[in-house]
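*Asks:* Sequence first, then the predicted structure:
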2 protein chains.
Amino acid sequence: MANPLENRFDPQDISEAEYYLAAVPPSEIDPRVERLVNELIGRVADKWTMLILELLEEKGMLRFTEIGRQVKGISQKMLTQTLRQMERDGLLTRTVHPVVPPRVDYALTPLGNSLSAAFCGVWIWAERNLDMVEAARARFDARG
Amino acid sequence: MANPLENRFDPQDISEAEYYLAAVPPSEIDPRVERLVNELIGRVADKWTMLILELLEEKGMLRFTEIGRQVKGISQKMLTQTLRQMERDGLLTRTVHPVVPPRVDYALTPLGNSLSAAFCGVWIWAERNLDMVEAARARFDARG
DNA sequence: CGGTATCCAAGTCGATACTG
DNA sequence: CAGTATCGACTTGGATACCG
């Protein structure tokens, strides 16, 4: 039993899964799985990954330069690096057209789309609680 | 109109919010809000923050050393630093008991609990798609 | 016990220059 | 156009030592 999430629940169903996670102490989750999951989350939670994910989810298919233009502040190095990582992780496809000048298209895979959907909850949380967090910070900083 | 999420929808309702986000091109979201949201996400998506969040959500209230023991691999420096940041962001409370030896308790605030719930979707995604990602990586690495 | 202070090694990231 | 290569500033995080 490597994976603690068995087949009785469809993990797609958030409320069932929340129930499940609440019922299982972290100590009983396979540490190997936990480590991998954390590594995965660490990777996909990366700033540029999230922005590219959101952009492609919105626009469908874009070429290299177009992504660079729309993700403001990203350097060419980070753009290449992030796209490669996402391709390696199976989040997007990279299509090279044998033309001059070269043309490379990027689009999300179903896996990429599902990740985008999963992050939706966090995005909404951040947007909704932005003011709360800023107020908390102001209070914290006001003290010593 | 600073915040694009107006009052017509309750952002707590994921499906409504998904609909909303899908309908609004990123370019029309206030860039100031977007920047803050990204910074927030970057911060809360931090590896240690997530692990501490999950631990406290599970265990309720713990003291400093106990957290350090259960979050494997964390150094004292990162533990202190992460706890301070989370306190500053209003995610947890820090209670100092005036006794010797000193005793400091940490517990999630309602804000911290709501964040934990929001991350549930990502956690489930990672757990569920771990094999897909590993397979994709193996395929990618097998080529040049 | 629950920190703070300091140092240092490794990694991250942007800028710049170059290429098929 | 879509990269690769290289360099240097900055950041991160662990280890260690010390303190109220």
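*Replies:* Great, that's in hand.
*Asks:* Please identify the residues of chain A in proximity to DNA strand D?
*Replies:* A:63-66, A:76-77, A:80, A:83-84, A:94, A:101-104 (C-beta under 7 Å from any atom of the strand). Backbone N, C-alpha and C define where each C-beta goes, glycine included.
*Asks:* Just the buried residues of those.
*Replies:* Using 16 or more other C-beta atoms under 10 Å in any protein chain shown as the burial test, the residues of chain A next to DNA strand D include A:64, A:83 as buried.
*Asks:* From the residues of chain A next to DNA strand D, which land in helices?
*Replies:* Residues of those located in helices (DSSP state H): A:64-66, A:76-77, A:80, A:83-84.
*Asks:* want to throw those into TSV with pLDDT?
*Replies:* Formatted as TSV, these follow (pLDDT from 0 to 100):
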residue	pLDDT
A:64	97
A:65	96
A:66	97
A:76	95
A:77	96
A:80	97
A:83	97
A:84	96
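*Asks:* just these that are near DNA strand C?
*Replies:* A:76-77.
*Asks:* could you redo the ones in helices among the residues of chain A next to DNA strand D as a markdown table and give each row distance to chain B?
*Replies:* Putting these into a markdown table (distance: C-beta to the nearest C-beta, whole Å) gives the following:
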| residue | distance to chain B |
| --- | --- |
| A:64 | 18 |
| A:65 | 17 |
| A:66 | 13 |
| A:76 | 20 |
| A:77 | 19 |
| A:80 | 15 |
| A:83 | 12 |
| A:84 | 9 |
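*Asks:* Pick out whichever of the ones in helices among the residues of chain A next to DNA strand D sits closest to DNA strand C.
*Replies:* Of all these, residue A:77 has the smallest distance to DNA strand C: 4.3 Å, by C-beta to the nearest atom of the strand.
*Asks:* outside of the host helix or strand of residue A:68, which residues touch it?
*Replies:* Assigned by DSSP states H and E, residue A:68 falls within helix A:64-70. Residues outside helix A:64-70 that contact it (C-beta atoms under 8 Å, 6 or more residues apart in numbering or on different chains) are A:52, A:55-56, A:59, A:62, A:74, A:76, A:79, A:83, A:104, A:106, B:26-27.
*Asks:* longest helix in chain A, by residue count?
*Replies:* Criterion DSSP H: the longest helix present in chain A is helix A:110-142.
*Asks:* name the helices or strands packed onto that one?
*Replies:* helix A:47-59, helix B:14-23, helix B:31-44, helix B:76-88, helix B:110-142 (3 or more C-beta pairs under 8 Å, 6 or more residues apart in numbering or on different chains; DSSP states H and E).
*Asks:* Can you pull out the low-pLDDT segments for chain A?
*Replies:* Residues of chain A meeting the criterion pLDDT under 70: A:1-33.
*Asks:* Can you name the residues of it that neighbour DNA strand C?
*Replies:* By C-beta under 7 Å from any atom of the strand, the residues of chain A that approach DNA strand C are A:46-47, A:73-78, A:101-102.
*Asks:* Could you rerun that using 6 Å?
*Replies:* Proximity of chain A to DNA strand C, by C-beta under 6 Å from any atom of the strand, involves residues A:75-78, A:102.
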